[in-house]
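Undergrad: Got a sequence here, can you model it:
(one chain, ligands or ions: 1)
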Amino acid sequence: MIKMTGAAAVGATVLGIPMGAEAQNNSINGTNAGKRRLKVLAIGAHPDDPETCCGGTMCLFTEAGHEVVCVYLTRGEAGIAGKSHAEAAAIRVVESENACKVTGARHIFMSQVDGNTEVNLERYKEMRELIDRENPDIVMTHWPLDEHRDHAICGILVMDAWRRLDRRFKLFYFEAMSGTQSQMFHPTHWVNIESVLERKHEACNCHVSQHMDEIYEWHGPMEKFRGLECRCNAAEAFMQHSDALPTLP
Ligand SMILES: [Zn+2]
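TA: I've put the predicted structure just below:
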């Protein structure tokens, strides 16, 4: 099913969650049973991934009063030419903290290393325990079919945690530099980010070391293209991992 969502529309939802005045009175299931602030995790492999891939959606959630937590799998240790891992990590942690001030998200840094992320029993456990502890309603992370190994591994770790935690939160994948990094990404959900586009870009630009103008040679057209698909000027797209267990006909 295709869902087109945007905070600009009356009664709009973002990834199925009512925004605006209704936000505080609705649970994730669309009932009034919850009457609580929802928690959304955005889990990216590197500093700048959550902001570039779902920064607008994060801003919409924080503006609606929901809690957003930005989880960075690594500190981007390999991401600045000419800097040691320690130097790059120190710079990128500060850039991420600045970006989170713009999006209104809390931040968590995990212990993996940029360019050398691992999938093993210990790493599965680490991700599962973090998500279990945070107990989110929604998680957004990398679509695992991605040519960047760290992105693919991040998506796989989160997908495993979702399954092991009995699929108790909604899992949405986001795209990163589609075509060159994310592959075969076919959205199920679109989010209109027109109203928060400037704020998203401000958050992205906090990652000064990452030459955001080059990253936006991809993400700029992606925002416009996803917007064209859902009849607005700028959008982010997501693929939901279906909650439904497969059944035989
Ligand atoms: Zn990345």
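Undergrad: Need the pLDDT of Pro47.
TA: With respect to pLDDT, Pro47 scores 97.
Undergrad: count of neighbours near it?
TA: 32 (other Cβ atoms under 10 Å). The C-beta positions use only the backbone N, C-alpha and C, and glycine is treated the same way.
Undergrad: can you check Ser111 too?
TA: 9.
Undergrad: try the one 10 residues further on
TA: Residues near Leu121, counting by other Cβ under 10 Å, number 7.
Undergrad: Tell me the spacing between it and Leu157.
TA: 11 Å (Cβ to Cβ, to the nearest Å).
Undergrad: any idea which element the residue in the chain that the ion sits nearest to lies in?
TA: Across the chain, the shortest distance to the ion (Cβ to the ion) belongs to His46, at 3.8 Å. Assigned by DSSP states H and E, His46 belongs to no helix or strand.
Undergrad: what kind of secondary structure is Glu202 in?
TA: helix (DSSP: H, G, I helix; E, B strand; the rest coil).
Undergrad: how close does the closest residue to it other than its chain neighbours sit to Gly155?
TA: Using Cβ to Cβ, 6 or more residues apart in numbering and skipping the chain neighbours, the partner closest in space to Glu202 is Val102 (5.1 Å). Distance from Val102 to Gly155, counting by Cβ to Cβ: 25 Å.
Undergrad: Name the residue in those two with the higher neighbour count.
TA: Gly155 (24 against 20).
Undergrad: pretty sure that one contacts Phe174?
TA: No - here Gly155 does not reach Phe174: they are 9.4 Å apart, not a contact under Cβ atoms under 8 Å.
Undergrad: Can you pull the residues that touch both of those two?
TA: By Cβ atoms under 8 Å, 6 or more residues apart in numbering, Gly155 and Phe174 have these common neighbours: 141-143.
Undergrad: Which of those residues fall in strands?
TA: 141-142 (DSSP state E).
Undergrad: Return the member of the shared contacts of Gly155 and Phe174 nearest to Cys53.
TA: Ranked by distance to Cys53 (Cβ to Cβ), those are led by His142 at 7.5 Å.
Undergrad: Roughly how far does the closest residue in space to Asn205 that isn't next to it in sequence sit from His241?
TA: The shortest distance from Asn205 to any non-neighbouring residue, by Cβ to Cβ, 6+ apart, is to Met212 (5.4 Å). To His241, Met212 is 29 Å away according to Cβ to Cβ.
Undergrad: swap in Arg163?
TA: Counting by Cβ to Cβ - Arg163 and His241 are separated by 9 Å.
Undergrad: Comparing those two, which shows the higher neighbour count?
TA: Between Arg163 and His241, His241 has the larger neighbour count (other Cβ under 10 Å), namely 18 against 12.
Undergrad: OK, contacts around that one?
TA: Contacts of His241 by Cβ under 8 Å, 6+ apart are 159, 162, 171-173.
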